[in-house]
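Trainee: Fold the following and give me the result.
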Amino acid sequence: MRRTRRRGVGHEAEGGQAVVLIVLVVLVMGMGGWVAAYAGADGRVPRGTSVVGIDIGGRDQSTAAAALAHGLRIQGQDPITVSVGTVTTRVAPEDAGLSVDYGATVAKALGRRSWDPRQLWRYYTGGDAVTPVVHVDYRRMDALLDLLDEKAGQPARDAGISLRGGEIALTKPQNGVAIDKDHAREVLVDAYRAGQTSVRLPLLLSQPDVDQTDLDTALATIANPAMAGPVTLTFAGSQVTLQPREYADLLSIVDKDGALALDVDSAGLATLVDPAAHDTTPVDATVELKDGGPAVVPAVAGQGYDEPAVTAAFMRGVTAEGPARSVPVTAATKTKAAFTTHDAKLLGVAEPVASFTVAVPATAGPSFGAAVDRLSGALLRPGDTFSFNARVGAVSGSGARLATATWNAGFLAGLTDVARTGSPTYTGGLPEGRDAMVDAATDLQMRNDSSYGVLLSARLQQGASGSPGSVVVDVWSTKEFDVAVSTSPRYAPTPRTTVASADPGCVASAGADGFTVDLVRTVTRVADATPVRSDTVTTTYQPEQAVVCQAPPAQ
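Mentor: Now for the predicted structure:
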């Protein structure tokens, strides 16, 4: 059988294989060139790369950094001319805290390692101009900016008020200028990075913290009121009034959180006021007569004052108006009274338990009334001893009558007799065996041995015009005792003697016999007949001499 061979088919197959082979050879050769190109560019800065005019292209990272450092030692340390406002100065980059980070700059020029043909093409056909990576020491840069600000800037002036010498002086606010530090940092870094040798730094207008509005407010609410009038500081028992001329130099108006506020020299104020001089001692509670009866007078704590308390009160008053310029000072310490209000209430002084009345001649004058007033209000706590001389003192005229009324009232109330002296001779109008005399050497004393307090009150009862009056002594307490008193008949008489007198001024007197009398007191508790005690007081009166007036013998 005859085979038919198709022309060209076999040849085409053979030719296709040749083409493939040729393509493979080209690819292998191209791949080899690509690998060789990649190997030649590995770790090297693209050719033609420069940093601020310094060529570092074609070098590896280490030699490129060295070349950059060498070039900048010559070129990059040139001073920068810095202008701020009207001030111009030359500044070394180092003093501005500026330097180039060589390694980081070269790394930036190297870029990312890549098989990208475009990246390889860039290496062989030339790199770019690369800006350096700048390291900033902001501490040094801010120190430079502060120095420039001192020279070129002008601080804003706050408004102010002075009260020296009592005169109000105003300081008007004024705007200032200052370096815009945030912007200035950027300008310096950009200029250094670009290799510039001169730069102008910007200034900003600065406002005062205390402006005209603050000044007007402080003038109206602080300065004018402070000088308007005196300030009175009130303590527990005293007060001090300070005039503006005295305290003006102690005041200052200061900036506080962007506003004007008043301040005072506390030590100087304390020197004017002397807080300790106004301290008070505690006052014990007591019981007094009010509206005809006993009433508890509360205890008063002692008050102690110090410098901060005085300062706080003064500051409240110095800018106030009218009555509010009188300010109470709060005590820094308080001392409790030894005898409290509660203690006084427990005394139980609530009702009259005894009274005694003695006639007083019409000749008793104002001094006797004053002695009655001194006696009234005497308070005896349980266990206390009453002394007439200590409480009342000297009584001219009818002192024995006031002492007699006092002793008898206490005797009937159950007070214990401590010291009592009867009159040397019996005086008509006084109860026998129950009179008492007092003088500088002779005292009347009674002790309160009851469970309650005892309050003595005394009052004068006026008689009809020209007639004798009387003195009444009352004893107030809670009734604890019943008291029975009896007086014996006179005994042991002592006859009087009679004398004759030819003195022209002789006053005849009948005289009186002396005698002795006993006063017996029995004390029992209320609702209990058992005697608590029984007292016998014996009084002996000396005879009083009779006087007979006779005519003088004839000449």
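Trainee: can you give me the strands in the stretch 451-555 of the chain?
Mentor: 454-461, 469-477, 481-487, 491-494, 498-501, 514-525, 531-541, 546-549 (DSSP state E, counting those that start in this stretch).
Trainee: can I get those in a markdown table with distance to Asp279, mean pLDDT and mean neighbour count?
Mentor: Glycine gets a C-beta too; all of them are placed from N, C-alpha and C. Shown next, in a markdown table, are those (distance: least, Cβ to Cβ, whole Å; pLDDT from 0 to 100; neighbours: other Cβ atoms under 10 Å):
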| stretch | distance to Asp279 | mean pLDDT | mean neighbour count |
| --- | --- | --- | --- |
| strand 454-461 | 31 | 95 | 21 |
| strand 469-477 | 34 | 95 | 22 |
| strand 481-487 | 43 | 96 | 15 |
| strand 491-494 | 62 | 96 | 12 |
| strand 498-501 | 66 | 93 | 12 |
| strand 514-525 | 46 | 97 | 17 |
| strand 531-541 | 46 | 95 | 15 |
| strand 546-549 | 64 | 94 | 15 |
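Trainee: Of these, give the one that comes closest to Gly237.
Mentor: Of all those, it is strand 454-461 that lies closest to Gly237, at 25.7 Å by Cβ to Cβ.
Trainee: got the angle between that closest one and strand 469-477?
Mentor: 160 degrees (axes from the mean of the first three to the mean of the last three Cα atoms, to 10 degrees).
Trainee: Just send the strands of the stretch 451-555 of the chain back as JSON lines, with distance to Leu98 too.
Mentor: Compiled in JSON lines, those are given as follows (distance: least, Cβ to Cβ, whole Å):
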{"stretch": "strand 454-461", "distance to Leu98": "96"}
{"stretch": "strand 469-477", "distance to Leu98": "99"}
{"stretch": "strand 481-487", "distance to Leu98": "107"}
{"stretch": "strand 491-494", "distance to Leu98": "129"}
{"stretch": "strand 498-501", "distance to Leu98": "133"}
{"stretch": "strand 514-525", "distance to Leu98": "107"}
{"stretch": "strand 531-541", "distance to Leu98": "108"}
{"stretch": "strand 546-549", "distance to Leu98": "131"}
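Trainee: Of all those strands, which one comes closest to Asp249?
Mentor: Proximity to Asp249 (Cβ to Cβ) singles out strand 454-461 among those, at 54.7 Å.
Trainee: residues of the one helix or strand Ser99 maps to that come out buried?
Mentor: Using DSSP states H and E, Ser99 sits in strand 98-100. For strand 98-100, the neighbour count (16 or more other Cβ atoms under 10 Å) marks Leu98, Ser99, Val100 as buried.
Trainee: name the helices or strands packed onto that strand?
Mentor: With contacts taken as 3 or more Cβ pairs under 8 Å, 6 or more residues apart in numbering; DSSP states H and E, strand 98-100 sits against strand 134-136, helix 181-193.
Trainee: Give me the next element, helix or strand, following the longest one.
Mentor: Sequence order places strand 198-201 as the next helix or strand after helix 181-193, per DSSP H and E.
Trainee: now do the shortest one
Mentor: Past strand 134-136, further along toward the C-terminus, the next helix or strand under DSSP H and E is helix 138-152.
Trainee: continuing past that next one, what's the next helix or strand?
Mentor: Going down the chain from helix 138-152, the next helix or strand is strand 160-162, by DSSP H and E.
Trainee: Quick check: closest non-adjacent residue to Arg157.
Mentor: Leaving out its chain neighbours, the residue that sits closest to Arg157 by Cβ to Cβ, 6 or more residues apart in numbering is Gln174, at 4.0 Å.
Trainee: what bridges to the closest residue to Asp449 other than its chain neighbours?
Mentor: The shortest distance from Asp449 to any non-neighbouring residue, by Cβ to Cβ, 6+ apart, is to Thr416 (5.0 Å). Beta-bridge pairing of Thr416 under DSSP bridges involves Arg447.
Trainee: What is the burial count for Thr416?
Mentor: Residues near Thr416, counting by other Cβ atoms under 10 Å, number 16.
Trainee: In contact with it, which residues?
Mentor: Listed by Cβ atoms under 8 Å, 6 or more residues apart in numbering, the contact partners of Thr416 are Met446, Arg447, Asn448, Asp449.
Trainee: now the residues you listed: which count as buried?
Mentor: Buried, going by 16+ other Cβ under 10 Å: Met446, Arg447, Asn448, Asp449, out of those.
Trainee: Pick the one among the buried residues of strand 98-100 closest to Val264.
Mentor: Of the buried residues of strand 98-100, the one sitting nearest to Val264 (Cβ to Cβ) turns out to be Leu98, at 50.6 Å.
Trainee: if I look at the closest residue in space to the closest one that isn't next to it in sequence, how far off is Asp78?
Mentor: Nearest-residue entry for Leu98: Tyr192, 4.6 Å, with adjacent residues in sequence omitted and distances by Cβ to Cβ, 6+ apart. Separation of Tyr192 from Asp78 (Cβ to Cβ, to the nearest Å): 10 Å.
Trainee: the more surrounded of the two?
Mentor: Neighbours were tallied for Tyr192 and for Asp78 using other Cβ under 10 Å; the higher tally belongs to Tyr192 (23 against 14).
Trainee: most centrally placed residue in this protein?
Mentor: For the chain, the residue nearest the mean C-alpha position is Pro308 (4.2 Å; Cα atoms, centre = their mean).
Trainee: Over to it: give its phi and psi.
Mentor: phi -60, psi -40 (degrees, to the nearest 10).
Trainee: State the mean pLDDT of stretch 100-119.
Mentor: For stretch 100-119, mean pLDDT rounds to 65.
Trainee: same question, stretch 317-332
Mentor: Per-residue pLDDT over stretch 317-332 has a mean of 96.
Trainee: quick one: terminal-to-terminal distance for it?
Mentor: Length of stretch 317-332, first residue to last, Cα to Cα, to the nearest Å: 18 Å.
Trainee: same deal with stretch 424-436?
Mentor: 10 Å.
Trainee: hang on, the earlier thing: mind pulling the model confidence for the residue nearest to Leu98?
Mentor: Here the pLDDT value assigned to Tyr192 is 85.
Trainee: And it, how far from Ala184?
Mentor: 13 Å.
Trainee: re the thing from before, so the residue nearest to the centre of the chain touches Ala332, yeah?
Mentor: Yes: under the contact definition of Cβ atoms under 8 Å, Pro308 touches Ala332, with a separation of 7.1 Å.
Trainee: the helices in the stretch 301-450 of the chain, which residues?
Mentor: In the stretch 301-450 of the chain, the helices defined using DSSP state H, counting those that start in this stretch lie at 307-317, 341-346, 366-375, 388-391, 399-413.
Trainee: Ok, which of these comes nearest Leu251?
Mentor: Of these, nearest to Leu251 by Cβ to Cβ is helix 307-317, at 9.8 Å.
Trainee: Against which helices or strands is that closest one packed?
Mentor: Packing partners of helix 307-317 (3+ Cβ pairs under 8 Å, 6+ apart): strand 231-234, strand 259-264, helix 266-273, strand 326-328.
Trainee: Give the buried residues for it.
Mentor: Glu307, Ala309, Val310, Thr311, Ala313, Phe314, Met315, Arg316, Gly317.
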